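A.B. asks: Next input, structure requested:
(chains A, B and C)
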Amino acid sequence: MHPATEKLVTALSEQSIVLNECDYAERGYHFEIDLDAGRLREFAQCMLEQEMYLVFVGGLHVDPAIEIIYQFASYDRLCRLVLRVVVDSNNAIPTISDIFQGADWHERETRDFYGVIFIDHPNLVPLILAEEDVDLKPLLKNSDNIKESAAVRWVTVEEQPETDEKADTD
Amino acid sequence: MPPELLRMIIASVIVVAFVFLNAMILGYMERKVSAHIQRRPGLMEVGPHGILQLLIDGIKLIGKQLIVPEGSNRFLFRLAPLLSFAPCVLPFVVIPFSKKLQIVSMDISLIFILAMTSINVIAILVAGWASNNKYSLFGTFRSVAQAVSYEIPMLLSLLSIIFMTSTFSLQGIVAAQKYYWFILVQPLAFIIYFISGMAETNRAPFDMPEAESELTAGFHTEYSGMGFSFFFLAEYANMFTVCSIATVLFLGGWKGIPLPLGDFTGIVWFMLKVYGLLFVMIWIRWTYPRVRFDQLMSFCWKYLIPFALVNLLITAVVVKLI
Amino acid sequence: METAQQNLEPATDIPHDNRYYLNMGPQHPSTHGVLRVLLEMDGEYVIDPQPVLGYGHRMQEKMAEHKNWMAFMPNTGRMDYAAALPYNHGYVALFERICGIEVPARAEYIRVITSELNRIVSHHLWIGAMLLDMGAFTPILYTFDDREQVLDILEDVTGSRLTYCYFRVGGVCKDIDDNFVEKTRAFIKRQRERFDVYNKLVTGNIIFIKRTEGVGVISLDMARRYGVTGPVLRGSGIAYDVRKNEPYSVYPKFDFDIPTGQNGDSYDRYLVRLEEIEQSLRIIEQALDQLPDGPFLAKVPKKLKMPTGDSSFAVEAARGELTYYLVSGGGDIPYRLKIRVPSYSNLSVLPELCQGMLLSDLVAAMGSMDLVIPEIDR
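C.D. replies: This is a model prediction of the structure:
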């Protein structure tokens, strides 16, 4: 492990944030983190101090609540991590656009697509949607195709249901 | 009809016709030269090698609707193209095309030309103001600042020639270049004049008022049809005027090696020199990027004007001593 | 919710005495596409530039959730129209990663060669367009002359000239032949000679240098806060390139450099891109030399079932890091596909970068970012 990555892991463990190490070859990133909305800003601050940059902010509509996904990576070493934060009952989550200014647009885009409110965002006006479509929320799933949060989580290969394997080979 | 009046009418018709013809020749030249600079054939469709293209373009422009933008001053908006075009025609009255071919010979021909060409600024001001468009207004601001600034080095460089010849008459200046062209003794003045001339006519790399990648089309953004054509004609007429002043003052005017063409020798040489300079202008335009506005101004005030002043001073001293 | 509603109100404050708004775009010669930048101006100075997006948004991410993953493949070529193959690459590589499909060596080489050709094409386009923004008309025709050569080569093998859909999960859809190799080698030779023309016409041009030097300086700190990637970042002296930092495909087998600038200004970004063309040529040259024989498409089951869970794949597109992030709920339709496009993050720097600039400098700085609007409005 790169020394800077080790430093990052230590810094996060000191704040008692749990990192799940992932298989890079399968997942394309190294660490997976689930976090409370309350600790998001603290985490982002830590990322900035550890010289990570923000790759993207995206939403994921699952049952019971929308999850916001943050991906961070580093300019000088191979280290990529994914952070999942669940929005609160008001569909709101703290903004990190004052820490990572690049998050500004990503958050506005997520507001357009999911209707998630980023608390204290300085300029939460529609970025991509036209003014008359402010409440369109195009990426929300409907009740037929929404899945449980657990149903879209990674399961290791051993746990994969065997039935799918047979269907593959035709 | 008194013969003098008839002569005036014929002269003005010829001048206006020449301005149109010049715009066509230059338009064709510009497009063909730029095409070859860019390694493409350019105009090829209308007539052999596309020589009739500009005629067709002219007819197209005449046929186009004149659109007056909403909220603009209708009268000024319509007036501006004419205001731009009319003064550009007048310098042709005094340009000595050859020894005999000059409509009016005045003692102050040079001042007359300079006075007429500077009216163009007012036309641009009116056009930009009346268009009710921010981009037009932008172009206007730039253009006025630019034209006013560049007139100074232009006049200063011309003044060095006047010091040597002690006359404002263009024929007199041509006659003074009996043994050598003034470009040989005044190369700096020529360079300063030519640069200022390009800036005065808003040619790239000094095409601030148009600056199409910044200001879409600058002061003539809102003009269509003949309104646009008049600005276009005025630009080419101005280019011709600037180059003919350069020819008269620095390149010996209509003088040249005698050709077996009788009285036409002078006009052939004159045209060759003028179009040679115009070719250089076109060449520069299609090679260089555009300068920034503040760079344009500081270039004028920090380099051109001091150099022109020094040049003038040296000329004055030398003329006094000899 | 109430506070949020207040936030949604557009700013209606009246501009300060002689300030005014200027709308640059959506139809403007130097925004290259349907980008609109709302400029708050004070005379010639830009006080606050705010890009307004969404004029050409196609909601690709929604389409991805409604189609079989294979049916979405052509869409990937329609985001960055100037360099579509890296978009193909990232997409197929993501599915290869998540489904554990081995790609034949020859296919990987073909992918690298065509992707790099596509990168060169994109930089050609950029040099021309950038100079057009600066008011020089001629360079674009010179670079398009070269671009045309590559497009012909790519057309032979991919069947299209712009919006490619050439890669497949498990390889590529058509093998390259000797004719392709021969023409590519001829192009490499020709392009090397053409650098001389570029340098004479553009690189050493005093007006170009004066217009771009010191304009739009992006610092390391600013880059990190905004997530800037690609040549824009490398112009600031940071050698971050996904091809090196997070090697994928067969890139580790080639010897190439990551060109970086020193000052992070528009001129450095120009130099970096020019040098990147040369580095891409080097990669192609080595790849052609090492090109192995064998199949160009692995045997892949027709109905590819994805395991559940999320996976991410990053590639270096012509404009920077492109990341596909897939969340799958099983089946053959992605549950969620997030596409992280480089221009989006690069452009988000604009309001901070161009504050207090002259309008002409804004055009130069924006031009140097190499924006492709359909990529931003994906």
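
A.B. asks: ok, which stretches of chain A are helices?
C.D. replies: All helices of chain A, identified by DSSP state H, fall at A:3-14, A:24-27, A:40-49, A:103-114, A:162-168.

A.B. asks: Export those helices as CSV, with columns for distance to C:Lys253.
C.D. replies: In short, each C-beta sits where N, CA and C put it, glycine included. CSV is the format used below for the helices of chain A (distance: least, Cβ to Cβ, whole Å):
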stretch, distance to C:Lys253
helix A:3-14, 25
helix A:24-27, 18
helix A:40-49, 33
helix A:103-114, 35
helix A:162-168, 30
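
A.B. asks: center of the chain, which residue is that?
C.D. replies: Going with chain A. Centroid-nearest residue in chain A, with Cα atoms, centre = their mean: A:Ile69, separated by 1.2 Å.

A.B. asks: I was after chain C.
C.D. replies: Short answer for chain C (Cα atoms, centre = their mean): C:Arg319, at 2.8 Å.

A.B. asks: who touches the residue in the stretch 51-200 of chain B positioned nearest to chain A in this structure?
C.D. replies: The nearest approach of the stretch 51-200 of chain B to chain A comes at B:Lys134, 22.7 Å away (Cβ to the nearest Cβ). Contact analysis of B:Lys134 by Cβ atoms under 8 Å, 6 or more residues apart in numbering or on different chains lists C:20, C:22.

A.B. asks: wait, what's in contact with the spatially closest residue to B:Leu79 that is not a sequence neighbour?
C.D. replies: Setting aside the residues directly before and after it, B:Leu79 is nearest to B:Val126 in space (Cβ to Cβ, 6 or more residues apart in numbering or on different chains), at 6.4 Å. By Cβ under 8 Å, 6+ apart, the residues touching B:Val126 are B:76, B:79-80, B:83.

A.B. asks: Is any residue of the lengthiest helix in chain C near chain B?
C.D. replies: As assigned by DSSP H, the longest helix anywhere in chain C is helix C:105-133. Yes: judged by Cβ under 8 Å from any Cβ of the partner chain, helix C:105-133 comes into contact with chain B at C:131-133.

A.B. asks: Neighbours of the residue in the stretch 1-150 of chain B positioned nearest to chain C, how many?
C.D. replies: Among the residues of the stretch 1-150 of chain B, B:Gln38 lies closest to chain C, at 4.0 Å counting by Cβ to the nearest Cβ. B:Gln38 is flanked by 17 other residues according to other Cβ atoms under 10 Å in any protein chain shown.

A.B. asks: can you give me the helices in the stretch 51-200 of chain B?
C.D. replies: Counting by DSSP state H, counting those that start in this stretch, the segments of the stretch 51-200 of chain B that form helices are B:53-63, B:74-89, B:109-118, B:120-130, B:134-165, B:170-176, B:182-185, B:187-200.

A.B. asks: Make TSV out of the residues of helix C:105-133 next to chain B and add neighbour count and pLDDT.
C.D. replies: Below are these laid out as TSV (neighbours: other Cβ atoms under 10 Å in any protein chain shown; pLDDT from 0 to 100):
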residue	neighbour count	pLDDT
C:Leu131	24	88
C:Leu132	20	86
C:Asp133	24	85
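
A.B. asks: Please work out which residue of chain B is closest to chain C.
C.D. replies: Residue nearest to chain C within chain B (Cβ to the nearest Cβ): B:Arg290, separated by 2.8 Å.

A.B. asks: Surely that residue forms part of a helix?
C.D. replies: No: remark: B:Arg290 does not belong to a helix; assigned using DSSP: H, G, I helix; E, B strand; the rest coil, it is coil.

A.B. asks: Following the chain past the helix or strand harbouring C:Asn346, name the next helix or strand.
C.D. replies: Using DSSP states H and E, C:Asn346 maps to helix C:342-347. Downstream of helix C:342-347, the next assigned helix or strand under DSSP H and E is helix C:350-353.

A.B. asks: quick one: that next one near chain A?
C.D. replies: Yes: on the criterion Cβ under 8 Å from any Cβ, helix C:350-353 is in touch with chain A at C:Glu352.

A.B. asks: can you list the residues that contact the following helix or strand past that helix?
C.D. replies: Sequence-wise, the next helix or strand downstream of helix C:350-353 (DSSP H and E) is helix C:359-367. Outside helix C:359-367, the residues that touch it by Cβ under 8 Å, 6+ apart are B:138, B:211, B:213-214, B:290, B:292-293, C:22, C:30-31, C:37, C:39, C:41, C:44-46, C:49, C:129-130, C:133-134, C:211-212, C:215-216, C:266, C:350, C:353-354, C:357.

A.B. asks: returning to what we had before: list the contacts of the nearest residue to the residue nearest to the centre of chain A once chain neighbours are set aside.
C.D. replies: The shortest distance from A:Ile69 to any residue other than its chain neighbours is 4.9 Å, reached at A:Gly58 (Cβ to Cβ, 6+ apart). A:Gly58 is in contact with A:68-69, A:106, A:110, C:325, C:336, C:338, C:340, counting by Cβ under 8 Å, 6+ apart.
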